[in-house]
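Attaching a predicted model along with its sequence, questions to come.
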Amino acid sequence: MLTIVPLLKQTLLTYADKPGEFHRELKFYFGFAALTLERMIVKEFFQKLNLHYPSNNELDFETSIDLARRDLAMVQRGAAKK
């Protein structure tokens, strides 16, 4: 299976901390199609973390990732209190 990983300038771990950089890379390679890819990535990310994904999500990639992080932190704090 071919992936874009060899094309990326930085490691995936770096992009995890800097989603804006990942957005720029996707936009460089895919142009306006990057927006669709980002929405697909974010939706899958929310599902993998078992978080609610808003079906009308119009947030940009970086904001969506930050929202997922915040939601996950809230879920983890709730689980720790039990």
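Received the coordinates, thanks. Not measured: the values here are computed from a predicted model.

right, and L67 touches L59 too?
Yes: here L67 reaches L59: they are 6.7 Å apart, a contact under C-beta atoms under 8 Å. (Glycine included, C-beta is placed from N, CA and C.)

Looking at the two, which has the bigger crowd around it?
Taking neighbours as other C-beta atoms under 10 Å, L67 and L59 compare with L67 leading, 17 against 14.

How is the more buried one assigned, secondary-structure-wise?
What DSSP: H, G, I helix; E, B strand; the rest coil gives for L67 is helix.

Tell me the spacing between it and N56.
Here the criterion is C-beta to C-beta, to the nearest Å. By it, L67 lies 13 Å from N56.

ditto for L37
L37 is 19 Å from N56, by C-beta to C-beta.

How about Q76?
Counting by C-beta to C-beta, the gap from Q76 to N56 is 26 Å.

If you count surrounding residues, which of these two has more?
Each of Q76 and N56 has its neighbours counted (other C-beta under 10 Å); Q76 has more, 10 against 5.

neighbours of L49, just the number please.
13.

In terms of helices and strands, where is A34?
Using DSSP states H and E, the element containing A34 is helix 33-48.

Can you pull out the residues in contact with that helix?
23, 26-27, 30, 52-53, 57, 60-61, 64-65, 68 (C-beta atoms under 8 Å, 6 or more residues apart in numbering).

what do you get if the cut-off is 7 Å, keeping everything else the same?
If you take C-beta atoms under 7 Å, 6 or more residues apart in numbering as the criterion, helix 33-48 is touched by 23, 26-27, 30, 53, 57, 61, 64-65, 68.
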